[in-house]
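Colleague: predicted model and sequence follow; I will ask about them next.
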Amino acid sequence: MKNKFLSIFFFLTLCATGVVAQKQSQVLPADLEIPLRYGAERLGKRQDAAMRKFRDNRFGAFIHWGLYAIPGGEWNGKIYSGAAEWLKAWAKVPADEWLKLMDQWNPTKFNAKEWAKMAKKMGVKYVKITTKHHEGFCLWPSKYSQYTVAQTPYKKDILGELVKAYNDEGIDVHFYFSVMDWSNPDYRYDIRSEEDSVAFNRFLTFTDNQLKELAIRYPTVKDFWFDGTWDTSIKKNGWWTAHVERMLKEMLPGVTINSRLRADDYGQRHFDSNGHLMGDYESAYERRLPDPVKDLKVTRWDWEACMTIPENQWGYHKDWSISYVKTPLEVLERIVHAVSMGGNMVVNFGPQADGDFRPEEKELAETVGSWMKKYGESIYGCGYSGLPKQDWGYYTRKGDEIYMIVFNVPYSGKLVVRTTKGLQLLNAIMMDGGRELEVAETTNNEYNVSLPSQKLGEPFVVKLKVTEKADKGNKYKDALT
Ligand code: JFZ
């Protein structure tokens, strides 16, 4: 008996260290796969209408809003440079003291309709809202917690107002949900005793209840983006992550779930022990992006990246001067970069405690929005082109339309286009104004597109019409959906 436990222990250790478990994308032949009860639900990309909508949306906004917006990175007169939504941890504030911030939660300038108008103007197709971040404060009146908007001077259901306002503007709503919850004494980082296990099971039931509550109260929600799932306690309960995925999918047909929720039988996360993506899309690209030349494997699955405007501040921080702040152009380039590799991009906003947005965020939303209004056709519904990246910028593609999104104009004024075998370039048109550009084939499969000589002040888009002479030879064909 003892031996059996020892060997199980050894097996688990081997799996955890990756000796047995396969790393991401080292997919084993089917007959050599490790049998899993809690691994990937499916192989390959989901192709149903809800998933296609998720993918076609391409560009979204993140909203991190919670009690942390009140101190804005400052506690007892000291400014902490770490992420503002983690201030409770940086300043070692006990949970009960932190949660007293609820008495000050009264965002008098909050206007859900204004938020929705701003999002619409920015050109985002969806918004991911923090329903509950690590601190445990709920933006909806959850009947399972005492730490909710209902118990604040503001009282009203903020999440409900936002869901309605965004939906009225035709914007999809996605829910961010942190499993790790600093307000709940039953949460455990690890399970080391019977007592831990009993408490953590209670915690998982509480979490199930909150998730069911969200699904029932806000049935138009399109996606759950889980966070705070990296602890050993969750890795030891991979079954629960598979259960949550199934439960939400039964309650909300079509709902999408990020890979960060998931752990398999052996505690492997995001990708299961056989190398298959769990959940519907990969969500590990955070404040970084895959290399457009070396990391083309990401085009095999759906993925969504998210980024902050400063270096690493998701919640409102009162002092942005402590870190580099991206320009609207840098933000735009990251959006384009993600889409060019078949991913989505979500840009984060950390509203102020009064319910308004800081001026830098408003300005960024305006600038990106006016670009999207002109060139959004090259973003929405577009994906990976299958063409090798060139120095002038990024390609995106929708069927036979290829978009060249140009960030660096070469001195020669000529943009090189190298197509894959069998793909013929028919014409090139400036998207803004519709002017046709001269195209010259230089060698086999390589073309020069000549730009007009006037100064071009912002990233612009050249639309290429192509025709596929034959499918063979294009090894990227599979990744084009
Ligand atoms: C998490 C949160 O801790 C953070 O406050 C914010 O909400 C962000 C969106 O998500 O932070 C993470 C989580 C995962 C990684 C990095 C930061 N990761 O996988 O690299």
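Modeller: Arrived safely. Residues are numbered from 1 along each chain as shown.

Colleague: next up, the contacts around the residue in the stretch 101-250 of the chain that the ligand sits nearest to.
Modeller: Using Cβ to the nearest ligand atom, the single residue of the stretch 101-250 of the chain nearest to the ligand is residue 227, 4.7 Å away. All C-beta atoms are positioned from the backbone trio N, CA, C, and that covers glycine. Taking Cβ atoms under 8 Å, 6 or more residues apart in numbering, we find residue 227 in contact with 133, 176, 177, 178, 179, 180, 260.

Colleague: before we move on, what about residue 373?
Modeller: When contacts are counted by Cβ under 8 Å, 6+ apart, residue 373 is found next to residue 123.

Colleague: make it 10 Å
Modeller: Counting by Cβ atoms under 10 Å, 6 or more residues apart in numbering, residue 373 touches 121, 122, 123.

Colleague: quick revisit: bridging residues for the residue of the stretch 101-250 of the chain closest to the ligand?
Modeller: residue 178 (DSSP bridges).

Colleague: near the ligand, which residues of this structure?
Modeller: Proximity of the chain to the ligand, by Cβ under 6 Å from any ligand atom, involves residues 64, 83, 85, 86, 227, 284, 286, 306, 314.

Colleague: and with 8 Å instead?
Modeller: Neighbours of the ligand within the chain, by Cβ under 8 Å from any ligand atom: 62, 64, 83, 85-86, 130, 133-134, 176, 178, 227-228, 230, 260, 283-284, 286-287, 306, 314-315, 348.

Colleague: next one: residue 365 from residue 124, what distance?
Modeller: To residue 124, residue 365 is 9 Å away according to Cβ to Cβ, to the nearest Å.

Colleague: give me the common contacts of those two.
Modeller: Common contact partners of residue 365 and residue 124 (Cβ under 10 Å, 6+ apart): 61, 118, 347.

Colleague: for the nearest residue in space to residue 235 that is not next to it in sequence, give its distance to residue 35.
Modeller: Spatial nearest neighbour of residue 235, excluding adjacent residues (Cβ to Cβ, 6 or more residues apart in numbering): residue 267 at 3.5 Å. Separation of residue 267 from residue 35 (Cβ to Cβ): 16 Å.

Colleague: of the two, which one has the most company?
Modeller: residue 267 (18 against 8; other Cβ atoms under 10 Å).

Colleague: for the more buried one, identify the helix or strand it belongs to.
Modeller: Per DSSP states H and E, residue 267 falls between elements, in no helix or strand.

Colleague: thought it was touching residue 191?
Modeller: No: with contact defined as Cβ atoms under 10 Å, residue 267 and residue 191 do not form a contacting pair (11.8 Å).

Colleague: ok so, going back, higher neighbour count, residue 365 and residue 124?
Modeller: Taking other Cβ under 10 Å, residue 365 and residue 124 do not tie; residue 124 has more neighbours (28 against 21).

Colleague: okay, the more buried one: pLDDT?
Modeller: For residue 124, the pLDDT comes out at 98.

Colleague: and what of residue 80?
Modeller: For residue 80, the pLDDT comes out at 98.

Colleague: tell me where the stretch 351-481 of the chain is predicted with low confidence.
Modeller: 470-481 (pLDDT under 70).

Colleague: ugh, wrong one, I meant the chain
Modeller: Scanning the chain with the threshold set as pLDDT under 70 gives 1-27, 470-481.

Colleague: in stretch 340-355, what counts as buried?
Modeller: Judged by neighbour count using 16 or more other Cβ atoms under 10 Å, the buried positions of stretch 340-355 are 340-353, 355.

Colleague: might you calculate how far it sits from the centre of the chain?
Modeller: How far stretch 340-355 lies from its chain's middle: 9 Å, per Cα atoms, centre = their mean, to the nearest Å.

Colleague: rewinding a little: okay, the contacts of residue 227 in a markdown table with distance to residue 411 and neighbour count next?
Modeller: Output for these, formatted as a markdown table (distance: Cβ to Cβ, whole Å; neighbours: other Cβ atoms under 10 Å):
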| residue | distance to residue 411 | neighbour count |
| --- | --- | --- |
| 133 | 48 | 26 |
| 176 | 45 | 24 |
| 177 | 50 | 23 |
| 178 | 49 | 21 |
| 179 | 52 | 25 |
| 180 | 52 | 19 |
| 260 | 44 | 23 |
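
Colleague: ok, these vs residue 31, which is closest?
Modeller: Closest approach to residue 31 among the contacts of residue 227 (Cβ to Cβ): residue 260, at 30.0 Å.

Colleague: show me what the top helix by length along the chain is packed up against.
Modeller: Longest helix in the chain, counting residues (DSSP state H): helix 194-217. Judged by 3 or more Cβ pairs under 10 Å, 6 or more residues apart in numbering; DSSP states H and E, the packing partners of helix 194-217 are strand 126-132, helix 158-168, strand 172-178, strand 223-227, helix 232-235, helix 238-251.

Colleague: how about the secondary structure of residue 421?
Modeller: The three-state assignment at residue 421 reads coil, by DSSP: H, G, I helix; E, B strand; the rest coil.

Colleague: tell me how far it lies from the ligand.
Modeller: Separation of residue 421 from the ligand (Cβ to the nearest ligand atom, to the nearest Å): 38 Å.

Colleague: hmm, that residue is touching residue 445, no?
Modeller: Yes: the pair residue 421 / residue 445 is scored as a contact, 6.4 Å apart, by Cβ under 10 Å.

Colleague: now the closest residue to residue 343 other than its chain neighbours. Its backbone dihedrals?
Modeller: Nearest residue to residue 343, sequence neighbours excluded (Cβ to Cβ, 6+ apart): residue 303, at 4.4 Å. The phi and psi values for residue 303, taken as degrees, to the nearest 10, are phi -150, psi 160.

Colleague: around residue 303, how many other residues sit close by?
Modeller: Using other Cβ under 10 Å, residue 303 has 23 neighbouring residues.

Colleague: check contacts around it.
Modeller: Residue 303 sits next to 55, 258-259, 277, 281-285, 289-290, 338, 341-344 when contact means Cβ under 10 Å, 6+ apart.

Colleague: that one pairs with what?
Modeller: residue 282, residue 343.

Colleague: distance check, it against the ligand.
Modeller: Taken as Cβ to the nearest ligand atom, the span from residue 303 to the ligand is 13 Å.

Colleague: make 159 the first number, not 1, from now on.
Modeller: New numbering, starting at 159: the last item is residue 461.

Colleague: so which residues of the stretch 509-639 of the chain form helices?
Modeller: Secondary structure of the stretch 509-639 of the chain by DSSP state H, counting those that start in this stretch: the helices cover 517-533.

Colleague: quick check: end-to-end length of stretch 372-381?
Modeller: Terminal residues of stretch 372-381 are spaced 11 Å apart (Cα to Cα, to the nearest Å).

Colleague: buried ones in that stretch, by neighbour count?
Modeller: By 16+ other Cβ under 10 Å, the buried positions in stretch 372-381 come out as 372, 373, 376, 379, 380, 381.

Colleague: chain center to it: distance?
Modeller: Distance, stretch centre to chain centre, for stretch 372-381: 18 Å (Cα atoms, centre = their mean).

Colleague: next one: stretch 232-245
Modeller: Mean C-alpha position of stretch 232-245 versus that of the full chain (Cα atoms, centre = their mean) differs by 25 Å.

Colleague: sounds good, over and out.
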